[in-house]
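**Q** A predicted structure for the sequence below; I have some questions about it.
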Amino acid sequence: MDAMDVYESALGLIGGTPLVRLRTEGAATVYAKLEYLSIGGSAKDRIGLRMVEQAEKDGLLRPGGTVVEATSGNTGIGLALVAAEKGYRSLVVVTDRVSEEKVNTLRAFGAEVVVKPGGLPRQHPDHPMSFAARLADSTPGGWLANQYDNAANPEAHYLTTGPEIWRQTRGRVTHLVSCIGTGGTISGAGRYLKEVSDGGVQVIGADPASSVYGGGDGRPYFIEAAGHFLHPDTEQDVWPRSYHPDVVDRIVPVADRQALHTVRQLARDQGLLAGGSSGTALAAAHQVAAGAGADAVVVVILPDSGRQYLTKYFNDTWMLRLGFLDGDASGPRVADAAPEGGASALPYLNIRTPVGDALDVLRARKLAGVESVLPAGPCPAGPDRRPTAPELTGSVTLAGLEAALRDGVAALDDPLADHLDPPLAQFGYGEPAQEALGTLTRHLRDTAVVLRDGCAEALVTSAGLRALLPTDH
Ligand SMILES: Cc1ncc(COP(=O)(O)O)c(C=O)c1O
């Protein structure tokens, strides 16, 4: 065995990831940096090691101590593997939107995992960042890594990712494309490449279309770990200190559909199985390369592997249910049912609406001959702002609200939030009508929400679905 292949421990296999040339249209050269080939499977191994070593140096983490972190998974994995190797305990807080694969990987490395509901406003005590901070305080020897504000996060990329890219391209890199989550990767690697090239390297952020970094309204999106989500009830939005916007020349917004189809295609065309945020970054890189000349050398960071998302982005059922796939158009699909109410905008109620106003809407619908059940949720809604699937937190019916008023359980000026029923069923527009009908008949309500690209676009009823099928059904 070549001596180069022998390492003292797993920690020697963090980072040092290769570039691979991608086949792309256009004249520019595009290289992908395969961060999934780091030992823990993502770019976050680098910061896991650096943050722990810095905390040891600063005396914040001592033998027998516990590493605590709130994470969308990968930082927790990086920290957990470093903690395992060094003999620390690790406690990781994730949301229920983090893939099953990442949670299982965390547990495999010995981390104790706490799962909290996703999509909470920042000030909520169960928001992973608040919860992890309390957990670190109440755990003897606990140290909160806090990748969001820890200078060792961008520093890890300044000291390793940036120099690797410069060396690997022999100083020919002209563009760096990276997602922005905590901002550590783009800020650290981007700053290094700008400095070493005397400002010659352009740094481009790739961002989910609704993320606030690129100017979106912060509504939920389906790409894990990239961008910045903003709950409408968040009192004060705070961006991570690990993100240095001054390093970024521009941000390219990428819709989830485009990101997902790009990364699925990458696996099929080029044998590279990368994660969802890699799709966001790659779609942006294609755009950057298309606008650059033949001398351009674009490096795009692929932060992790598609193996972490086999139950999501690479699962056709998941994709179809959220309305990211067209499905089989040779048979009747949910999209073929006439939208209930016929409206172009989805009828929807905000949970802050007073019960009295909601009743007016529901009664008007009944007069119009439409079933009086509506989805409800926390987001403002309108023709340009369709609620996303996770924002459909409940439903209301005319009969239910009238009964609550009659029984004195509800008052006209109560917010709807106090009187919600469970959410309606959801179907992707491409799902077979027959299967959707089967599901709907087992559901509490006869009305379901149709999703396209993860957003609600219409309501359907069992009658609407049944009308699409041969009469013996
Ligand atoms: C899969 C994935 N993509 C992108 C990012 C964003 O990287 P950064 O936090 O360095 O901005 C992360 C960070 O957790 C990640 O795990």
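**A** Received the coordinates, thanks. Small disclaimer: the values here were computed from a predicted structure and weren't measured.
**Q** For the rest of this, base every contact and every neighbour count on C-alpha atoms.
**A** Noted.
**Q** tell me the SS of Gly293?
**A** Under the three-state scheme (DSSP: H, G, I helix; E, B strand; the rest coil), Gly293 adopts coil.
**Q** OK, contacts around it?
**A** 27-28 (CA atoms under 8 Å, 6 or more residues apart in numbering).
**Q** could you redo the last one with a cut-off of 10 Å?
**A** Residues in contact with Gly293 (CA atoms under 10 Å, 6 or more residues apart in numbering) are 26-29.
**Q** need the helices for the chain, in chain order.
**A** Using DSSP state H, the helices assigned to the chain run over residues 44-57, 74-86, 100-108, 128-138, 152-156, 162-168, 184-196, 256-270, 276-290, 316-321, 355-367, 398-406, 433-441, 462-466.
**Q** got TSV for the ones you listed, with mean neighbour count too?
**A** Below are the helices of the chain laid out as TSV (neighbours: other CA atoms under 10 Å):
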stretch	mean neighbour count
helix 44-57	22
helix 74-86	25
helix 100-108	19
helix 128-138	18
helix 152-156	26
helix 162-168	19
helix 184-196	25
helix 256-270	18
helix 276-290	26
helix 316-321	19
helix 355-367	17
helix 398-406	15
helix 433-441	18
helix 462-466	19
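**Q** Same list, those helices, but as TSV with mean pLDDT and distance to the ligand please.
**A** Compiled in TSV, the helices of the chain are given as follows (pLDDT from 0 to 100; distance: least, CA to the nearest ligand atom, whole Å):
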stretch	mean pLDDT	distance to the ligand
helix 44-57	98	6
helix 74-86	97	5
helix 100-108	94	10
helix 128-138	94	14
helix 152-156	98	7
helix 162-168	98	12
helix 184-196	98	4
helix 256-270	98	12
helix 276-290	97	5
helix 316-321	97	18
helix 355-367	90	40
helix 398-406	94	43
helix 433-441	95	32
helix 462-466	91	38
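**Q** With distance to Ala337 as extra columns, can I get these in JSON lines?
**A** Below are the helices of the chain laid out as JSON lines (distance: least, CA to CA, whole Å):
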{"stretch": "helix 44-57", "distance to Ala337": "45"}
{"stretch": "helix 74-86", "distance to Ala337": "41"}
{"stretch": "helix 100-108", "distance to Ala337": "33"}
{"stretch": "helix 128-138", "distance to Ala337": "40"}
{"stretch": "helix 152-156", "distance to Ala337": "50"}
{"stretch": "helix 162-168", "distance to Ala337": "51"}
{"stretch": "helix 184-196", "distance to Ala337": "45"}
{"stretch": "helix 256-270", "distance to Ala337": "23"}
{"stretch": "helix 276-290", "distance to Ala337": "31"}
{"stretch": "helix 316-321", "distance to Ala337": "16"}
{"stretch": "helix 355-367", "distance to Ala337": "19"}
{"stretch": "helix 398-406", "distance to Ala337": "24"}
{"stretch": "helix 433-441", "distance to Ala337": "8"}
{"stretch": "helix 462-466", "distance to Ala337": "5"}
